[in-house]
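[1] With the input below, show me the fold.
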Amino acid sequence: MLKKTTLILATSLSLFAMNTAELNINQKDLEVGLKFDVGQFNNNVEPQTMFVGMKMLIPDASDSSDSLTSIDPYFEGNFMIIRPVSDAGLSLGIGFKLNYTQVNDKSFMSLPVGLEASYELPFPNLIPMFVAAHVYYAPQVLSFLDAKDYVEYRINYNVEMIKNVHLNVGYRNINTNYFNIGRKNYNDSFYVGVKIGF
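    Sure thing, here's the model as predicted:
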């Protein structure tokens, strides 16, 4: 009986949960992330509309468009609400994140707010394909420690090769601005990766 209950529970979670684990790499950078569907844990929230997550980026200084003497890993906790806005496959969201890193021995922390968009390409006879983008910005009032402001933008294309397994190709640009050393490009790179829903 316990085996049957566990199997039914696991099957139902895999059908309705849209938690994701993501891994993105290029020649020198490693990025890992997790997102959890709040609707899975709270009956008052519609599934696949509200997410909390975390991300870590371990970059190489050579993937910055500035000359950096030292660069530490980037950490973030994030929150996002996203909804479909049409039957044509377009979804829009708003989110915020708390991030932390160090560049040239200066500590950076900010609370950027951003917009996210995802569009499923209208090719019903092919495998599902998506284009997504986001932009995040933190002005001085939402920047802490040595930080002055923060700008991040990202675009990616992904293909759902098998159900809940997406292959990604993307581009990211992360800019950090400091009071003492000015604006420093933290990362400017293309990447490939995989995202798995569970």
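
[2] Looking at stretch 49-57 now, give me its mean pLDDT.
    For stretch 49-57, mean pLDDT rounds to 96.

[3] Could you do stretch 171-191 as well?
    95.

[4] same question, stretch 108-121
    The model assigns stretch 108-121 a mean pLDDT of 97.

[5] okay, residue 131: pLDDT?
    Taking residue 131 on its own, its pLDDT is 98.

[6] quick one: pLDDT of residue 4?
    47.

[7] Repeat that for residue 164.
    Confidence score, pLDDT, at residue 164: 93.

[8] Walking through the chain, point out its helices one by one.
    Using DSSP state H, the helices of the chain run over residues 2-16.

[9] In the chain, mark out all the strands, start to finish.
    20-25, 30-37, 50-58, 74-84, 90-103, 106-110, 113-120, 129-138, 143-145, 147-162, 165-178, 182-197 (DSSP state E).

[10] now those strands as JSON lines including mean neighbour count?
    Quick note: C-beta positions are derived from backbone N, CA and C, even for glycine. Putting the strands of the chain into JSON lines (neighbours: other Cβ atoms under 10 Å) gives the following:
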{"stretch": "strand 20-25", "mean neighbour count": "17"}
{"stretch": "strand 30-37", "mean neighbour count": "18"}
{"stretch": "strand 50-58", "mean neighbour count": "17"}
{"stretch": "strand 74-84", "mean neighbour count": "16"}
{"stretch": "strand 90-103", "mean neighbour count": "18"}
{"stretch": "strand 106-110", "mean neighbour count": "20"}
{"stretch": "strand 113-120", "mean neighbour count": "16"}
{"stretch": "strand 129-138", "mean neighbour count": "18"}
{"stretch": "strand 143-145", "mean neighbour count": "16"}
{"stretch": "strand 147-162", "mean neighbour count": "17"}
{"stretch": "strand 165-178", "mean neighbour count": "18"}
{"stretch": "strand 182-197", "mean neighbour count": "17"}
